[in-house]
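In: Whatever this is, show me its structure:
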Amino acid sequence: MNSIKRLPDKVSNKIAAGEVIERPASVVKELVENSIDADSKTIDIRINEGGKELIQVIDDGFGMTMQDAEIALKRFSTSKIFSFEDLEHLATFGFRGEALSSIASVSLLELKTKTKSEEEGTYLRSEGGENCNIKKIPWNRGTSISIKNIFFNTPVRRKFQKNALSEARRIYRMFRYFALAYPELSFQLSHDNRRIWKLAPAGLLERMGDLFDSGINQHLLELSHSDEHFSVSGFISVPEWTRSTRNDQYLFLNKRYIKNKIIEHAVVQGYGQSLSHSGGFPFYVIMLETSPDRFDINIHPTKLEAKFQDERGLHHFISTAVKKALGVPKFEPARIDNGGSVFRSKSPVQEIHPVNSEVIPFKYEKPENSSVPELKQNQITAPDENDKPMGKNQIDPEKIWQVHKGYIFSQVKNGLIIIDQHTAHERILYEKALRMLNKGEKPSQQLLFPQTITLDKEDIIILSEILPHLEKLGFDIRIFGIDTAVIEAVPLEIRIGREIEILKNILEEYRKDEYKDLDVHDRLARSFACRSAIMKGDKLSKEEMFNLIDDLFATEFPYYCPHGRPTIIDMSLNDLNSRFLR
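Out: Have a look, this model is predicted:
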């Protein structure tokens, strides 16, 4: 039987690094948090090869003495707490004293630092957590920490890092978190010696324009609400300006970026039925402030989640704040009059005014209830995938109808079929895109007037990553600078005039599938198919409907779209007869 032994510091530090330092973006997070805690006014971040080769953070904070610098690299060294009770009143970021020690244990680290009162600074070099050199050097006030060759001594962890572009994208997002949380600070980010952002101190709305789009304020509503326990500020999007994912939802607790399902649900509940018009997720930047003793941030190694004492009260508070920002009127409860009719308060629907805009996007209207009875689930069946696919010879071109510009009804020998035109076209384009990506085909149409598109920094990174694959689909795109691309040719399936919209949507859809276990061709084929397909609301001619049906049944898996939604519903004559009690 093996005896119990204490792990050597080298081993325990590497284990701790595995919990705290997942990838280069984790290093950036820890170093920038230290810079903010050091009361820095300017923070400069430099990375090479997506942070895998170099991460350097330079600040003008209060710096460290030589003695502090030596101790800082040892585990559980901190200036933030001195007793367990201090955890209840923390207002700083790092406090456990593991970050620098963990980073140093899996990298080559160089530290240069100087306090305001010292005449000389300190230089310290470490390899794998072992201090190799420490000396006095000339230096300005503040701290510079350089991390090189992260995970050089943990090859398994290094092997699982993404490519440089993917890692850079994660650092871009991390940079955005800090830049939003601290608009009063100056931030700069450079990648491979190219400046990506240089942000001067600003207000939150101006900072959002710098990070996203200068016209974003046309779509935002100001959030401001407080009670005896919580205070919230920030901006939420008008209901019709939504996203297909939650990637553009930024929640900060006492200026720390977090995720919290209670608050996410409360925001959606605050919007109510207004989101049903768009079917997406609202954009928001929410700054929540509360006393540190009302939540626990130490339930996750990276402090990405928080546990609140009064979750029900918080949910009500956030929901109320969103309703207040939207201008939702308070309705009286429904009641029954003597005649049996239901009526409500006749308060007029309030209009929504975006920030700095005189344009009123829409008025709230309660959707009308449909009088059409719902079909029972057992009366509608999707065809068995083992059935022999039907072809155009079984479809009469004269017996095809488009219903509500979204569905195609067709009479067949034993009943009728209903086809979702969008999901059907998705399946067709998905299989075609896979063939093109795997075989390297390049059917395209040259644009008479090339289209210039401005993208945010993260999307430019995605575009650079997938550009060789887009070319196989028929795109011809050139990237200029850090946020501009020119579209010169597009695939034959794309309608001229929609190329910018479709490219943006492809990038968004590709990012949506990022954490799914799909290879790059499958992800790109899904994105291209979903965003290039005929949409609900597109009017189709008889010939277009006939060709769509024919192409659908020529695919390998005609009954489902790439995301698993059905493309066809089959109703037999027996089903129809039973509906009419025949």
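In: How about the contacts made by Asp296?
Out: Asp296 makes contact with 306-307 under the criterion CB atoms under 8 Å, 6 or more residues apart in numbering. (Each C-beta comes from the backbone N, C-alpha and C, glycine too.)
In: mind giving me the domain ranges of the protein?
Out: 9-201, 212-326, 392-571 (automatic domain parsing).
In: what does the host helix or strand of Ile47 contact?
Out: Per DSSP states H and E: Ile47 is located in strand 42-48. For strand 42-48, contacts defined as CB under 8 Å, 6+ apart pick out 24, 28, 32, 35-36, 54-60, 168, 171, 175, 178, 185-193.
In: Give the burial count for Lys542, as a bare number.
Out: Neighbourhood size, Lys542 [other CB atoms under 10 Å]: 13.
In: Verify the stated contact: it with Pro397.
Out: Yes - the pair Lys542 / Pro397 is scored as a contact, 6.1 Å apart, by CB atoms under 8 Å.
In: rewinding a little: report the strands that pair with the following helix or strand past the strand holding Ile47, each with its relative direction.
Out: Next in sequence after strand 42-48, counting helices and strands by DSSP H and E, comes strand 54-59. Paired neighbours of strand 54-59 in the sheet (DSSP bridges): strand 42-48 (antiparallel), strand 142-148 (antiparallel).
In: Identify whichever of the ones you listed lies nearest to Gly272.
Out: In this view, the strands paired with strand 54-59 are compared for proximity to Gly272 by CB to CB, and strand 42-48 is the closest at 39.7 Å.
In: what residue ranges in the protein score low on pLDDT?
Out: 1-20, 75-98, 276-279, 300-302, 328-394, 440-441, 513-518 (pLDDT under 70).
In: mind listing the helices for the stretch 101-250 of the chain?
Out: 155-159, 164-181, 204-211 (DSSP state H, counting those that start in this stretch).
In: next one: the shortest one to chain centre, how far?
Out: Meaning helix 155-159. When C-alpha coordinates are averaged (CA atoms, centre = their mean, to the nearest Å), helix 155-159 and its chain have centres 26 Å apart.
In: Same question for stretch 451-468.
Out: That offset, for stretch 451-468, works out to 16 Å (CA atoms, centre = their mean).
In: what about the helices in the stretch 451-582 of the chain?
Out: Under DSSP H, counting those that start in this stretch, the stretch 451-582 of the chain gives helices at 457-473, 499-512, 520-532, 542-552, 573-579.
In: Run a quick neighbour tally on Arg256.
Out: A count of nearby residues for Arg256, using other CB under 10 Å, gives 18.
In: isn't Gly129 right up against Ser101?
Out: Yes - under the criterion of CB under 8 Å, Gly129 makes contact with Ser101 at 7.0 Å.
In: What separation do you get for Asp37 and Asn260?
Out: Relative to Asn260, Asp37 is positioned 23 Å away (CB to CB, to the nearest Å).
In: more neighbours, the two?
Out: Between Asp37 and Asn260, counting by other CB under 10 Å, Asn260 is the more crowded of the two (20 against 17).
In: What distance do you get for that one to Leu314?
Out: 9 Å.
In: list residues touching both of these two?
Out: Counting by CB under 8 Å, 6+ apart, the common neighbours of Asn260 and Leu314 are Phe308.
In: For the residue most central in space within the chain, grab phi and psi.
Out: Closest to where the C-alpha atoms of the chain average out (CA atoms, centre = their mean) is Asn247, at 1.8 Å. Dihedral angles phi and psi of Asn247 (degrees, to the nearest 10) take the values phi -60, psi -30.
In: Just give the closest residue to Thr245, not the sequence neighbours.
Out: Leaving aside its chain neighbours, Thr245 sits nearest to Lys512 (4.7 Å; criterion: CB to CB, 6 or more residues apart in numbering).
In: can you give me the offset of stretch 32-48 from its chain's centre?
Out: Computed by CA atoms, centre = their mean, the separation of stretch 32-48 from the middle of its chain amounts to 24 Å.
In: residues in contact with stretch 433-451?
Out: Counting by CB under 8 Å, 6+ apart, 469, 471-476, 486-492, 494, 496, 499-500, 521-522, 524-525, 528-529 sit against stretch 433-451.
In: Pull out the buried residues from it.
Out: Neighbour-count burial for stretch 433-451, counted by 16 or more other CB atoms under 10 Å, picks out 433-434, 436-437, 444, 447, 451.
In: again with stretch 240-253
Out: Of the residues in stretch 240-253, 241-244, 248-253 count as buried by neighbour count, 16+ other CB under 10 Å.
In: Surely Glu53 and Ile147 touch.
Out: No - assessed by CB under 8 Å, Glu53 is found out of contact with Ile147, at 9.8 Å.
In: Neighbour count: those two, which is higher?
Out: Counted by other CB under 10 Å, Glu53 and Ile147 do not tie: Ile147 has more neighbours, with 26 against 15.
In: Now the residue lying closest to Gln309 once chain neighbours are set aside: phi and psi?
Out: Take Gln309 and drop its neighbours on the chain: the residue closest to it by CB to CB, 6+ apart is Arg294, 5.2 Å away. Torsion angles at Arg294 (phi, psi; degrees, to the nearest 10) stand at phi -100, psi 0.
In: Give me the neighbour count for Arg294.
Out: Using other CB under 10 Å, Arg294 has 15 other residues around it.
In: Now do it against Phe62, distance only.
Out: 29 Å.
In: One more: His225?
Out: To Phe62, His225 is 35 Å away according to CB to CB.
In: Also His229?
Out: From His229 to Phe62 the distance is 33 Å (CB to CB).
In: Those two: which has the busier surroundings?
Out: More crowded of His229 and Phe62, by other CB under 10 Å: Phe62, with 17 against 14.
In: Look at that one and give its secondary structure.
Out: Secondary structure assignment for Phe62 (DSSP: H, G, I helix; E, B strand; the rest coil): coil.
In: likewise Ser410?
Out: Assignment for Ser410 (three-state DSSP): strand.
In: wait, what's in contact with it?
Out: Per CB under 8 Å, 6+ apart, neighbours of Ser410: 395-396, 399-401, 416-417, 419, 545, 549.
In: what's the burial count for the residue nearest to Thr484 when sequence neighbours are not counted?
Out: Closest residue to Thr484 apart from its sequence neighbours, by CB to CB, 6+ apart: Thr454 at 5.7 Å. Here the number of neighbours of Thr454 (other CB under 10 Å) works out to 13.
In: Verify the stated contact: Thr454 with Asp483.
Out: Yes - counting by CB under 8 Å, Asp483 is a contact partner of Thr454 at 5.7 Å.
In: and the contacts of Ser410 as a markdown table, adding secondary structure?
Out: Output for the contacts of Ser410, formatted as a markdown table (three-state DSSP):
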| residue | secondary structure |
| --- | --- |
| Ile395 | coil |
| Asp396 | coil |
| Lys399 | helix |
| Ile400 | strand |
| Trp401 | strand |
| Leu416 | strand |
| Ile417 | strand |
| Ile419 | strand |
| Met545 | helix |
| Ile549 | helix |
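In: are any of the residues you listed buried, and which?
Out: 395, 400, 416-417, 419, 545, 549.
In: Going by neighbour count, list what's buried in stretch 220-235.
Out: For stretch 220-235, a neighbour-count test (16+ other CB under 10 Å) marks 220-223, 225, 230, 232-235 as buried.
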